[in-house]
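In: Generate coordinates for the sequence data below:
(one chain, ligands or ions: 1)
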Amino acid sequence: MRCSVFTLALQAGLAIASPIDFPPAQLVARQVVDRPFNASLPNITIFATGGTIAGSASSSDQTTGYQAGALGVDLLLQAVPQLYNVSNPRGIQFANVGSSEVTPAMLVNLTQHIQRELDSPHCQGVVVTHGTDTLEETGFFLDLTVNSTKPVVMVGAMRPATAISADGPINLLEAVTLAASPAAAGRGAMVVLNDRIGSAYYTTKSNANMLDTFRAAEQGYLGFFLNIKPFFYFQPSLPVGKPMFDVSGAALDALPQVDVLYGHQGLDPALAKAAVAAGAKGLVLAGMGAGSWTKNGTAAIDEIVKESGTAVVYSRRSMDGSAGRSRGKGTYGSGTLNPQKTRIMLQLALEAGYDDEQLRALFEFEEE
Ligand code: ASP
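Out: A predicted model of the protein is given here:
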């Protein structure tokens, strides 16, 4: 009975429009014929976007320099038949790219697809397979824009699918198991790699090569996997001060350009003006230490704010900590957000039309 309803939902999924210039989300894998729908298992939708988890190399010992985003979601599912023991998985090939190619328009589009999916009573959770390089950006975006208590789980791999001891299959199985778990509800978007569960709000990629790269050094993990089963350290809770943004009706090109400038000795103040001249509506400064910027760099920033009203958020290039507060009108401190997450937050806030006061409250909130 539930099977036929689910089949209808699958057909509805095929009709989801994807109107701009990147590959449309298509249904490329579904309940395969030899694996009948199991009415006692949750339905989990897997949006595949590419990355190393779908990567292919020329030999089993090649773990860098391979092609990311080479294998389709149907092959990812076929490689892990255990998925069918814990769920009715449904694969959607949303894109197949290295994650440096993920654009703001794709993020808006992905949220809209996921929201539709989770709003359906026939979907109990979503998994997004993704390149690890910008996984934290997409995860953060989804955490701020998908309005559901159902789980959204980001997953990737550090070794391509062709590598000896590839980590993709176990990561995918754990991610789907997590998305299918009632204990995962109400925790926001999560990140799964290397047997660990992190909050997408805080987790960052900390190492370019190692399997244990995803961390939130200060905030810690939410939990881990034992025999593929998720174990949480805490009851569900959400990050303090976490906002939500509604992009359900947004045009795909709605997000404004926000650029990140990196702080260092002898930085060129002209770069900030060049970014604004090139169309940036907001700037994030990856400042030194707790967000410091050079004297002449700060003078250039103040001029930009005065002349163009560009919003400027001071973050920090240090791995953790707070970048402090505003350095003057039109500027804000990023709180504890790193530059790449600050950039996403500023894009969403500018798209939502936040004014000076709202931006200040957003980035510099105080705990009651
Ligand atoms: N090296 C990346 C990864 O781990 C490639 C990418 O981000 O797409 O997936």
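In: use CA for all of it now, contacts and neighbours both
Out: OK.
In: mind listing what D302 touches?
Out: G328 (CA atoms under 8 Å, 6 or more residues apart in numbering).
In: For it, give me the pLDDT.
Out: Note for D302: predicted pLDDT of 96.
In: Got the phi and psi for it?
Out: phi -60, psi -40 (degrees, to the nearest 10).
In: so how far is V312 from it?
Out: 9 Å (CA to CA, to the nearest Å).
In: can you check L346 too?
Out: In this view, L346 and V312 are 9 Å apart by CA to CA.
In: Common neighbours of those two, please.
Out: Counting by CA under 8 Å, 6+ apart, the residues touching both L346 and V312 are G282.
In: In the chain, what helix or strand scores lowest on average pLDDT?
Out: Each helix and strand of the chain was given a mean pLDDT (mean pLDDT, DSSP states H and E); the minimum falls on helix 2-14 at a mean of 32.
In: What is the burial count for whatever residue of the stretch 251-368 of the chain ends up closest to the ligand?
Out: Nearest residue of the stretch 251-368 of the chain to the ligand (CA to the nearest ligand atom) works out as Q340 at 14.4 Å. Neighbour count for Q340, taken as other CA atoms under 10 Å: 18.
In: Can you give me the neighbour number for T64?
Out: 13.
In: Am I right that it falls within a strand?
Out: No - with DSSP: H, G, I helix; E, B strand; the rest coil as the criterion, T64 is coil rather than part of a strand.
In: Please tell me how far it sits from G186.
Out: 36 Å.
In: quick revisit: I'd like to know how far the residue of the stretch 251-368 of the chain closest to the ligand sits from E366.
Out: 22 Å.
In: Next: L75.
Out: Distance from L75 to E366, by CA to CA: 47 Å.
In: ok, now G65?
Out: Distance from G65 to E366, by CA to CA: 45 Å.
In: can you check R343 too?
Out: Per CA to CA, R343 is found 20 Å from E366.
In: V240: how many residues sit nearby?
Out: Neighbour tally, V240, other CA under 10 Å: 9.
In: Same check on the one 3 residues further on?
Out: By the other CA under 10 Å criterion, the neighbourhood of P243 contains 13 residues.
In: Could you do V86 as well?
Out: 22.
In: what about the helices in the stretch 1-150 of the chain?
Out: Under the criterion DSSP state H, counting those that start in this stretch, the stretch 1-150 of the chain carries helices at the ranges 2-14, 73-78, 83-86, 104-119, 135-145.
In: Please identify the most buried of the ones you listed.
Out: Neighbour counts (mean count of other CA atoms under 10 Å) averaged over each of the helices of the stretch 1-150 of the chain peak at helix 135-145, with a mean of 26.
In: so where is the stretch 1-150 of the chain shaky, pLDDT-wise?
Out: Of all residues in the stretch 1-150 of the chain, those with pLDDT under 70 make up the ranges 1-34.
In: now the residue nearest to A300 when sequence neighbours are not counted: how far from V276?
Out: Distances taken as CA to CA, 6 or more residues apart in numbering put P269 closest to A300, at 6.0 Å, once the chain neighbours are dropped. From P269 over to V276 the distance is 12 Å, taken as CA to CA.
In: quick one: stretch 212-227 to chain centroid distance?
Out: Between the centre of stretch 212-227 and the centre of its chain there are 16 Å (CA atoms, centre = their mean, to the nearest Å).
In: got it, and stretch 315-335?
Out: 22 Å.
In: Give me the mean pLDDT for that stretch.
Out: 93.
In: Other residues contacting it?
Out: 217-218, 262-263, 284-292, 302, 305, 309-314, 336-339, 342, 356, 359-360, 363-364.
In: can you rerun that using 6 Å?
Out: If you take CA atoms under 6 Å, 6 or more residues apart in numbering as the criterion, stretch 315-335 is touched by 285-291, 311-314, 336, 339, 363-364.
In: Check which residues of that stretch are buried.
Out: Neighbour counts over stretch 315-335 (16 or more other CA atoms under 10 Å) mark 315-318, 321-326, 330-335 as buried.
In: for the longest strand anywhere in the chain, packing partners?
Out: With secondary structure taken from DSSP state E, the chain has its longest strand at strand 88-97. Applying 3 or more CA pairs under 6 Å, 6 or more residues apart in numbering; DSSP states H and E, we find strand 88-97 packed against strand 26-29, strand 43-50.
In: Let's see that with 8 Å instead.
Out: Judged by 3 or more CA pairs under 8 Å, 6 or more residues apart in numbering; DSSP states H and E, strand 88-97 is in contact with strand 26-29, strand 43-50, helix 73-78.
In: tell me the angle of it relative to strand 43-50?
Out: Inter-element angle recorded for strand 88-97 and strand 43-50: 20 degrees (by axes from the mean of the first three to the mean of the last three CA atoms, to 10 degrees).
In: contacting residues around stretch 240-255?
Out: Taking CA under 8 Å, 6+ apart as the rule, stretch 240-255 contacts 20, 104-106, 108-109, 111-112, 115, 144-147, 347-352, 362, 365, 367.
In: and if you look at stretch 184-200?
Out: So stretch 184-200 is contacted by 136, 139-140, 142-143, 148-157, 167, 171, 174-175, 178, 201, 203, 211-212, 214-216, 220-226, 228, 236-238 (CA under 8 Å, 6+ apart).
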